[in-house]
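S.K.: build the 3D model from these lines:
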Amino acid sequence: MTHPFPPPPIKPLNRLQASDGLLINAERWRSAHEYHRQRQNTHYQSLNQPGVVCGLGVRVIPPPSTVKAEYRDNRWLQIQPGIAIDLAGNVIVVPNTLDFRVATEVPDTEPVTVYLVVSYVDPEQLRRSEQNDLIQETFRVDEKRQKPEALEVELCRIFLQPGPVSLKVPDDVFFPGYDNIDLRYRTQAQARPQAIVHMAQVSHSDPEYSRNFFNLAYLLQAVEPLYPFLRGADEAGQVSLQENLQDYDLLYLTGKQALSLNNFEFEALKSYLDKGGVLLVDVPPDGTALADSIRNVAQQLESSSKPLEELRRNHPLRTKPFLFAALPMVNQQLIQISMRGGIVLVVGDLATAWGPDQALSLSRISIRTAQELGINILQYARRRRQLMGLQQEDYSAQW
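M.R.: Okay, the predicted model is just below:
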């Protein structure tokens, strides 16, 4: 799975070797400065994520009086001055307001999402009619129907409804509608997390396998605010054990019926666990059949489960990043955890407390405590995969 903010390429830096009598021409001067630029960009990309630094607001405006009559419609925006930094560490400066007309034509059949992005333009790549001692770095604003590419910084997106386009201010900025400016997905330039953890729900024959799916999203959303060194993926995936599992740090499986694996599914799960993946099996109190089948799978993998109480007191599931002595209670039932060989078996329906219940009766403390234990499991999964991956071939290019 592609990392949204990948690390810099693993390439050596070349710097100018200075010596007495060295003739400085334009090429060598450019090489010397390119070295410092690459070093600065590598440093930024290693420790930070791209995004808006300041400004760059976007507002709806009436059509400018200077444009032709045929373009005087309700498609006009104004981009405010500001600064952004792209993935490579290039600084994008928009020094003045910029009027922009959304040109996308929307078919009558279905709505379209339009993205407004800004990107860095290297002046060395531009044709210049005259030579000056100083050249100004510049930028480009684009309107597109695909999500922003790696070196583009999103300014806003607009969900255009079928028919004539008429941009307007949203009634609620948290829930913009058709033809409204949507600023919710802009990224802010800031320190980057150590990793982004990916999680997927496992589909199987039990009709209740997806009953906690929406709560997986609540857990992933809680990761960064509670533990900034880690970030949850934008959304949880959905996979079967017959698909490629290696894109995910943690697989989540729940239900009540016994889990039956064919040879292909068993080998796929074994390969996933051997490469550092973690399978979290979340069993409700009346899911004895599922729990017993998971213990049988662990035995077939020659890795019998042990209760958390029998493991080291400083086991990462209990201590990192949040410290647990007693495990939390969910629906007045004490959570029980056993694990071995990458399989974490939780009895007590932990995921039901990762988000609000239907009656909105769960307390903030109950949700937060369950989320903190969930983050411990995610951190354990990410760290296990990292430590095992570092001992495998060609792991250096992974984040």
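S.K.: can you map out the helices along the stretch 151-300 of the chain?
M.R.: Here the stretch 151-300 of the chain has its helices, by DSSP state H, counting those that start in this stretch, at 213-226, 263-274, 288-300.
S.K.: who wins for proximity to residue 344 among these?
M.R.: Shortest distance between residue 344 and these, using Cβ to Cβ, is found for helix 288-300: 9.9 Å. For the C-beta atoms, the positions are set from N, CA and C on the backbone; glycine is no exception.
S.K.: any weak-confidence spans in the stretch 251-399 of the chain?
M.R.: 304, 393-399 (pLDDT under 70).
S.K.: please repeat the previous calculation with a cut-off of 80.
M.R.: Confidence mapping of the stretch 251-399 of the chain against pLDDT under 80 gives the ranges 302-305, 392-399.
S.K.: residues in contact with residue 392?
M.R.: residue 275 (Cβ atoms under 8 Å, 6 or more residues apart in numbering).
S.K.: give me the low-pLDDT residue ranges for the stretch 101-250 of the chain?
M.R.: 124-135.
S.K.: now do the same contact list for residue 236.
M.R.: Residue 236 is in contact with 199, 200, 201, 213, 216, 217, 220, 252, counting by Cβ under 8 Å, 6+ apart.
S.K.: again, but for residue 154
M.R.: Contacts of residue 154 by Cβ under 8 Å, 6+ apart are 115, 116, 117, 148, 185, 186, 187.
S.K.: my guess is the last one meets residue 56, correct?
M.R.: No - using Cβ atoms under 8 Å, residue 187 is not in contact with residue 56, being 11.6 Å away.
S.K.: show me which of those two is the more surrounded one.
M.R.: residue 56 (22 against 15; other Cβ atoms under 10 Å).
S.K.: which phi and psi does the more buried one have?
M.R.: phi 60, psi 30 (degrees, to the nearest 10).
S.K.: go ahead and confirm it touches residue 79.
M.R.: Yes - counting by Cβ under 8 Å, residue 56 does reach residue 79; the two are 6.5 Å apart.
S.K.: list the residues that contact both of the two?
M.R.: With Cβ under 8 Å, 6+ apart as the test, residue 56 and residue 79 both reach 94, 118, 155.
S.K.: top of those by neighbour count?
M.R.: That'd be residue 155 among the shared contacts of residue 56 and residue 79, by other Cβ under 10 Å, with 26 neighbours.
S.K.: pop out the phi and psi values for residue 117.
M.R.: Dihedral angles (degrees, to the nearest 10) for residue 117: phi -130, psi 160.
S.K.: contacts only, for it.
M.R.: With the criterion set at Cβ under 8 Å, 6+ apart, residue 117 makes contact with 141, 142, 144, 148, 152, 153, 154, 155.
S.K.: for these, give me JSON lines that also has distance to residue 349.
M.R.: Formatted as JSON lines, these follow (distance: Cβ to Cβ, whole Å):
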{"residue": "141", "distance to residue 349": "49"}
{"residue": "142", "distance to residue 349": "47"}
{"residue": "144", "distance to residue 349": "43"}
{"residue": "148", "distance to residue 349": "39"}
{"residue": "152", "distance to residue 349": "42"}
{"residue": "153", "distance to residue 349": "41"}
{"residue": "154", "distance to residue 349": "38"}
{"residue": "155", "distance to residue 349": "42"}
